[in-house]
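[1] Got a predicted structure plus its sequence, pasted below:
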Amino acid sequence: MPSKSAPAAGGGVPAFADLSQRYSPSVVAAAQVYADLAEAPANPVVWLREQGLTALEATQALKLARDFKTARGTFG
């Protein structure tokens, strides 16, 4: 049985179904907004902190945004 952090079968893209179990709603929302930005800010952690996230939440949001962008590139 794979662990929760193991990539999903068929391409290594993580399963997004259990996001609410792994991240707070504010992290998921910030990751969605950040992933949709046309141009990334010069200092993304500071930008996310200004949006009200803690430093830990900001790094989680950046990781999740990268996963969103990867999934978008893979699945369109």
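    That came through, no problem.

[2] Can you pull the poorly scored residue ranges out of this structure?
    1-17, 76 (pLDDT under 70).

[3] those helices in it, which residues are they?
    19-22, 25-36, 44-50, 55-75 (DSSP state H).

[4] tell me what the last one is packed against?
    Put plainly, it is helix 55-75. Using 3 or more C-beta pairs under 8 Å, 6 or more residues apart in numbering; DSSP states H and E, the elements in contact with helix 55-75 are helix 25-36, helix 44-50. (Each C-beta comes from the backbone N, C-alpha and C, glycine too.)

[5] Most tightly packed of these?
    Stretch with highest mean neighbour count among the helices and strands packed on helix 55-75: helix 25-36 (a mean of 17; mean count of other C-beta atoms under 10 Å).

[6] re the thing from before, wait, which of the helices and strands packed on helix 55-75 is closest to residue 69?
    The stretch from these with the least distance to residue 69 (C-beta to C-beta) is helix 25-36; that distance is 5.3 Å.

[7] picking up where we left off before, could I get the helices and strands packed on helix 55-75 in CSV, plus columns for distance to residue 18?
    As requested, the helices and strands packed on helix 55-75 are exported to CSV (distance: least, C-beta to C-beta, whole Å):
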stretch, distance to residue 18
helix 25-36, 11
helix 44-50, 22
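
[8] between those, which one is nearest to residue 75?
    Among the helices and strands packed on helix 55-75, helix 25-36 comes nearest to residue 75, with 13.6 Å by C-beta to C-beta.

[9] now the closest one, how far from the chain's geometric center?
    Computed by C-alpha atoms, centre = their mean, to the nearest Å, the chain-centroid distance of helix 25-36 equals 7 Å.
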